[in-house]
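> Here you go, sequence then predicted model.
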Amino acid sequence: TIGQSGDTISIPSGATLNSAGTTTLADGQNMAPSFFGTLSGNQSVANGTTTIVQIATEVYDQGSVFDTSTYRFTPGIAGSKFYIYGQASLSNLTVDKALWVYIYKNGSIFYATNVGNTQSGVNDCMVSFAVIDTPNATDYYDMRVYHNDGSSENLRADNDETNFGAFRIMGA
């Protein structure tokens, strides 16, 4: 046994901690804060318009870091790396048209990816993404989509096909 209840045990830089038995670290700190959310229903997206994805259903929100009214993730801590991920699924995308997914950071494009529909008879299109970033305490992120299909199309909510999440992977 090392220490007493309430004690802080420091392990200096360069030291190694080995455990032959069960190791339990306080409160899962390496994964918190974190969140995962989905659409509450299909969302219409107009052609040629970059649109914020309305992630309004929180599956979990450890640390209250996701705002379902602004659809923003704000980590609230500095110096930690976060894994930010999700996907968007669009119904009825015409052949030779594309769906783009963007992660905006503080109102500007931070990450972008897309997929085009190249197969006749295949209408649904899904784009997944994952990115790692080290935000400061006040940075915020939201997910946006864009398509060039010529008419409004729906982001799909069934089976949580459109979702957005993040978790802390390391840091202070």
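On my side now, so go ahead.

> CA atoms for contacts and neighbours, from now on please.
Fine.

> what's whatever helix or strand Ser44 lives in packed up against?
Following DSSP states H and E, one finds Ser44 within strand 43-45. Secondary-structure packing of strand 43-45 (3 or more C-alpha pairs under 8 Å, 6 or more residues apart in numbering; DSSP states H and E): strand 141-147, strand 153-155.

> Note down every partner strand of the helix or strand following the last one and its orientation.
Counting by DSSP H and E, the next helix or strand C-terminal to strand 153-155 is strand 163-171. Looking at strand 163-171 with DSSP bridges, its paired strands and their directions are strand 34-39 (antiparallel), strand 80-90 (antiparallel).

> Export those strands to JSON lines and append columns for mean pLDDT.
Below are the strands paired with strand 163-171 laid out as JSON lines (pLDDT from 0 to 100):
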{"stretch": "strand 34-39", "mean pLDDT": "96"}
{"stretch": "strand 80-90", "mean pLDDT": "94"}
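
> Would you convert the ones you listed into TSV that also reports mean neighbour count and distance to Gly63?
Shown next, in TSV, are those (neighbours: other C-alpha atoms under 10 Å; distance: least, C-alpha to C-alpha, whole Å):
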stretch	mean neighbour count	distance to Gly63
strand 34-39	23	7
strand 80-90	21	14
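
> ok, back up a step: now do the buried residues in the strand holding Ser44.
Buried residues in strand 43-45, counting neighbours by 16 or more other C-alpha atoms under 10 Å, are found at Gln43, Val45.

> And the helices and strands packed on strand 43-45, which one averages the lowest pLDDT?
Confidence, taken as mean pLDDT, is least for strand 153-155 of the helices and strands packed on strand 43-45 (a mean of 92).

> counting contacts, what elements does that strand pack onto?
Counting contacts by 3+ C-alpha pairs under 8 Å, 6+ apart, strand 153-155 is packed against strand 43-45, strand 80-90.

> Within the sheet, what are the partner strands of the shortest one, with directions?
For strand 43-45, the pairing partners within the sheet under DSSP bridges are strand 153-155 (antiparallel).

> Tell me which residues are up against the partner strand.
42-47, 88-93, 162 (C-alpha atoms under 8 Å, 6 or more residues apart in numbering).

> how about 7 Å then?
For strand 153-155, contacts defined as C-alpha atoms under 7 Å, 6 or more residues apart in numbering pick out Asn42, Gln43, Ser44, Val45, Ala46, Ala88, Ser89, Leu90, Ser91, Asn92, Thr162.

> what's across from the third one in the sheet?
In other words, Ser44. In this entry, Ser44 is beta-bridged to Asn154, by DSSP bridges.

> who are the neighbours in contact with it?
Ser152, Glu153, Asn154, Leu155.

> quick one: which of those is most hemmed in?
Of all the contacts of Ser44, the highest neighbour tally under other C-alpha atoms under 10 Å goes to Leu155, namely 25 neighbours.
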